[in-house]
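Enquirer: Prediction below, plus the sequence it came from.
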Amino acid sequence: MRLYTVHIDPVDVSADRGAMFIKEGFSWPAALFRPLWAVYHKLWLTALGLAVIETGLGLGLAFWVEDALLTAVVALGYLALLGAHANDWHRLLLERRGCRLVTVIAGRDRVAAETRFFAAAAHQVAVR
C-alpha cells in the first residue's frame, strides 16, 4: 500500500476538482525528468533553479573533475536527492498557494486511494 496526502484547494469548492493527491516517498518522474517534472507541476521557480543547478553542476564537473566515477557518483547523488524530496516540494507549493492538508490515505495505487477518499467523503455527507 502506498500513502497519499490529500490537499483541498479552497478556491475550487467542488470536492472532486479541488482534491489533490500527492504520493509519499520517492518520485521517479522527478528524478528522471527534473525540470520538466517541475514545469508539469507548475513549480516555475523550482524548474528554473533546477536548470541553473544542473548547468552549474555539469560545467563544474566537466572542468574540474577528471574522474568519471566521481562524476557518476555526484550525478546519481543529485538524482537521488531530487527524487527523495520532490513530492515534499510539491506539498510545500500547495501549502503556499493556500491548499490545506485534509488527510493521509492509503491505497494500492492513486486510483484506489481516490476511490477510498471519495467513498468516505460521500459516506460523511450521507450521514449528516
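Expert: Thanks, I have the structure now. Residues are numbered from 1 along each chain as shown.
Enquirer: in the protein, which residue is closest to the centre?
Expert: Nearest to the geometric centre of the chain sits residue 87, at 2.6 Å (C-alpha atoms, centre = their mean).
Enquirer: ok, that residue touching residue 21?
Expert: No. Here residue 87 lies out of contact with residue 21, judged by C-beta atoms under 8 Å, at a distance of 10.7 Å. Glycine gets a C-beta too; all of them are placed from N, C-alpha and C.
Enquirer: which residues in this protein form helices?
Expert: Assigned helices in the chain, in chain order: 15-18, 28-40, 44-64, 68-96, 110-127 (criterion: DSSP state H).
Enquirer: CSV for the ones you listed, including distance to residue 2?
Expert: Converted to CSV, those look like this (distance: least, C-beta to C-beta, whole Å):
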stretch, distance to residue 2
helix 15-18, 20
helix 28-40, 13
helix 44-64, 23
helix 68-96, 11
helix 110-127, 7
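Enquirer: Figure out which of those helices is closest to residue 1.
Expert: Across those, residue 1 has its closest neighbour in helix 110-127 (8.6 Å, C-beta to C-beta).
Enquirer: Send over that closest one as CSV, restricted to the C-alpha atoms.
Expert: What follows is helix 110-127, C-alpha atoms only, in CSV (Å, rounded to 0.1, in the frame of the first residue of the first chain):
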residue,chain,number,x,y,z
ARG,A,110,-3.6,6.5,-6.8
VAL,A,111,-7.0,5.4,-8.2
ALA,A,112,-7.6,3.2,-5.2
ALA,A,113,-6.7,6.0,-2.8
GLU,A,114,-9.0,8.4,-4.6
THR,A,115,-11.8,5.8,-4.5
ARG,A,116,-11.4,5.3,-0.8
PHE,A,117,-11.3,9.1,-0.1
PHE,A,118,-14.4,10.0,-2.1
ALA,A,119,-16.3,7.0,-0.8
ALA,A,120,-15.5,8.1,2.8
ALA,A,121,-16.5,11.7,1.8
ALA,A,122,-19.8,10.5,0.3
HIS,A,123,-20.5,8.5,3.4
GLN,A,124,-19.9,11.5,5.7
VAL,A,125,-22.2,13.6,3.6
ALA,A,126,-24.9,10.9,3.7
VAL,A,127,-24.7,10.6,7.5
